[in-house]
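Asks: coordinates only, no sequence provided:
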RNA sequence: GGCCCGUUCGUCUAUCGGUUAGGACAUAGGAUUUUCAAUCCUAUAAGAGGAGUUCGACUCUCCUACGGGCUACCA
């Protein structure tokens, strides 16, 4: 068995394309076959090598390694041309000298039986050989059109079941453009055949095209592969998710701090439900249980909430040292922390990771915990003031400083600090919260943090005291 | 306009003629906690509408509505 993922490098690799690649991958690995990567760059003017590279990078990042390729269609132009001319000689295709403008005009104006014409009217099919020779001598540009035979075309789609159309619905589509380059239909059919593709798994947007391609396969005396058309992913607005939806390039997700496992798990749950909806699966586990006929036919909507949820869960499950590596690889802000010891950074990651939804979320924490960028003027302080006056905070924090001062640097651990703090609260006849909340804000300038005692321990005695004093100074300078 | 595909909680989905229509995300409440997150518990919430077939339909058929796709010398 062989499948291919065949993106065209005319834009970024978007999430829909990734899903198509993933389902191809899961299917063929489950079957023990090969996954081939083919770059459909027949439209030279719109394709670029940079985009192709980006597609490869995206697939690699997600862990979908291909067994063959990348194969570039632009390397096979000669073959496509030959095939088109062979069909021409066999009378299965014909030259068309009409310009796009002429065809457009006829489609718009001509009506027979009050019906609007929506197909090419086969004007050039009736050209005599003299007329054709004349046009060729005049060097009139032409395209080669496929002649759609009469009859009906059937195929069985793995997801949509039986498909059928009357060939009269189909247009004599172009095989070879006037610049001698092939159209998509020609190149896919030839390549799918040459590469021995057994299953074509692609988006629903190709469902109608399939009839044309089957006719082409048959005209060439070839057996069409099996087809499976995946429902298209919709954006939150229920429109097809595509480049139009903004930053949907897969690498954008990487940049924004999503993990490959997140995308793979999330995407695998679109149109399919891997056994346990609670579990996070590895690629291997997904491969094991994948089956094409368990896919749903309807279009799923892309849900960012769920994506974030999954990403947060996966971050939590990761070891801090692995997260450190991932951060270093994907998040440029990490460069600003080169002078900090690695163990310190890993400790911080361990401390804050339960609250992180994306790798990018770590940046704010690094700022606060390592760089010490404390901006006291924020809403959190206002909220804090609702229950803790500045005067009280100052007083209690000073008491706390005394207690902390008694602690030996070597005994500055979470449990010891908690004991000291609670003792301090008891002596002053106040709730521990009256110390904890101001302390949290003094250390982080935030109302939310990991366990405050762990935060103390992370900073160590010296830095903890420094930060508290800094906050006290701030309070003294601002409204006493 | 024509042809095609689709339609179960707000979202992703389970069910493959007989279920109190299940789970997950989100939302709300509770437990826990120093805060938040996490975790655990609970709640809210669905078969587009209409005909048929059947003892019985979310499941099969048809119609309508809605959504999407295709209708290029783009893929």
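Replies: The structure has been received and is ready for your questions. Just so it is clear, the model here is predicted, and its values are computed rather than measured.
Asks: SS state for residue A:376?
Replies: What DSSP: H, G, I helix; E, B strand; the rest coil gives for residue A:376 is coil.
Asks: check residue A:168 too.
Replies: With three-state DSSP as the criterion, residue A:168 reads helix.
Asks: nearest residue to it other than its sequence neighbours?
Replies: Computed as Cβ to Cβ, 6 or more residues apart in numbering, the closest residue to residue A:168 that is not its neighbour in sequence is residue A:150, at 7.1 Å. Yep, even glycine has a C-beta here, placed from its N, CA and C like the rest.
Asks: that neighbour reaches residue A:215, doesn't it?
Replies: No. The pair residue A:150 and residue A:215 does not pass the contact test of Cβ atoms under 8 Å, sitting 11.1 Å apart.
Asks: any shared contact partners between these two?
Replies: residue A:167 (Cβ atoms under 8 Å, 6 or more residues apart in numbering).
Asks: which one of these two is surrounded by more residues?
Replies: Remark: of residue A:150 and residue A:215, residue A:215 carries more neighbours, 23 against 7, as counted by other Cβ atoms under 10 Å.
Asks: which ones are touching the more buried one?
Replies: With Cβ under 8 Å, 6+ apart, residue A:215 has these contacts: A:146, A:148, A:149, A:153, A:167, A:170.
Asks: need the max-distance pair from the residues you listed.
Replies: The most widely separated members of the contacts of residue A:215, counting by Cβ to Cβ, are A:146 and A:153 (12.8 Å).
Asks: more neighbours, those two?
Replies: Relative neighbour count places residue A:146 above the other of residue A:146 and residue A:153, with 25 against 20, counting by other Cβ under 10 Å.
Asks: I'd guessed the more buried one sits against residue A:216; true?
Replies: Yes. With contacts counted by Cβ under 8 Å, residue A:146 reaches residue A:216, the gap being 6.4 Å.
Asks: overlap of the contact sets of these two?
Replies: Each of A:175, A:185 lies in contact with both residue A:146 and residue A:216 under the rule Cβ under 8 Å, 6+ apart.
Asks: phi, psi of residue A:161?
Replies: Backbone dihedrals for residue A:161, given as degrees, to the nearest 10, come out at phi 60, psi -140.
Asks: okay, now it: neighbour count?
Replies: Using other Cβ under 10 Å, residue A:161 has 8 other residues around it.
Asks: what does whichever strand or helix holds residue A:59 contact?
Replies: Following DSSP states H and E, one finds residue A:59 within helix A:49-62. Outside helix A:49-62, the residues within contact range by Cβ under 8 Å, 6+ apart are A:5, A:7, A:9-13, A:17-18, A:21-22, A:37, A:39, A:41, A:65-66, A:70, A:72, A:249-251, A:254, A:260, A:263-264.
Asks: now check that helix, is it near RNA strand B?
Replies: No. Judged by Cβ under 7 Å from any atom of the strand, helix A:49-62 makes no contact with RNA strand B; its nearest approach is 11.6 Å.
Asks: what does stretch A:260-272 give?
Replies: Yes. For stretch A:260-272, a contact with RNA strand B is found by Cβ under 7 Å from any atom of the strand, at A:269, A:270, A:271, A:272.
Asks: out of those, flag the one nearest to residue A:192.
Replies: The nearest member of the residues of stretch A:260-272 next to RNA strand B to residue A:192, counting by Cβ to Cβ, is residue A:271 at 22.9 Å.
Asks: next, that closest one: secondary structure please.
Replies: Looking at residue A:271 with three-state DSSP, the answer is coil.
Asks: any idea how far residue A:232 is from it?
Replies: Relative to residue A:232, residue A:271 is positioned 10 Å away (Cβ to Cβ, to the nearest Å).
Asks: list residues touching both of the two?
Replies: Here residue A:271 and residue A:232 share no contacting residue, scored by Cβ under 8 Å, 6+ apart.
Asks: phi and psi next, for the closest residue to residue A:71 other than its chain neighbours.
Replies: Nearest residue to residue A:71 in three dimensions, chain neighbours excluded: residue A:38, at 4.7 Å (Cβ to Cβ, 6+ apart). As for residue A:38, its main-chain torsions (degrees, to the nearest 10) stand at phi -130, psi 130.
Asks: who are the contact partners of residue A:38?
Replies: A:4, A:5, A:6, A:69, A:70, A:71, A:72, A:73, A:191, A:195.
Asks: quick check, nearest of the residues you listed to RNA strand B?
Replies: RNA strand B has its nearest neighbour among the contacts of residue A:38 in residue A:6, at 6.6 Å by Cβ to the nearest atom of the strand.
Asks: wait, the closest one sits on residue A:188?
Replies: Yes. Counting by Cβ under 8 Å, residue A:188 is a contact partner of residue A:6 at 7.0 Å.
Asks: tell me which of those two has more neighbours.
Replies: Comparing residue A:6 with residue A:188 by other Cβ under 10 Å, the one with more neighbours is residue A:6, at 27 against 24.
Asks: nearest residue to that one in space, please, no chain neighbours.
Replies: The shortest distance from residue A:6 to any non-neighbouring residue, by Cβ to Cβ, 6+ apart, is to residue A:38 (4.4 Å).
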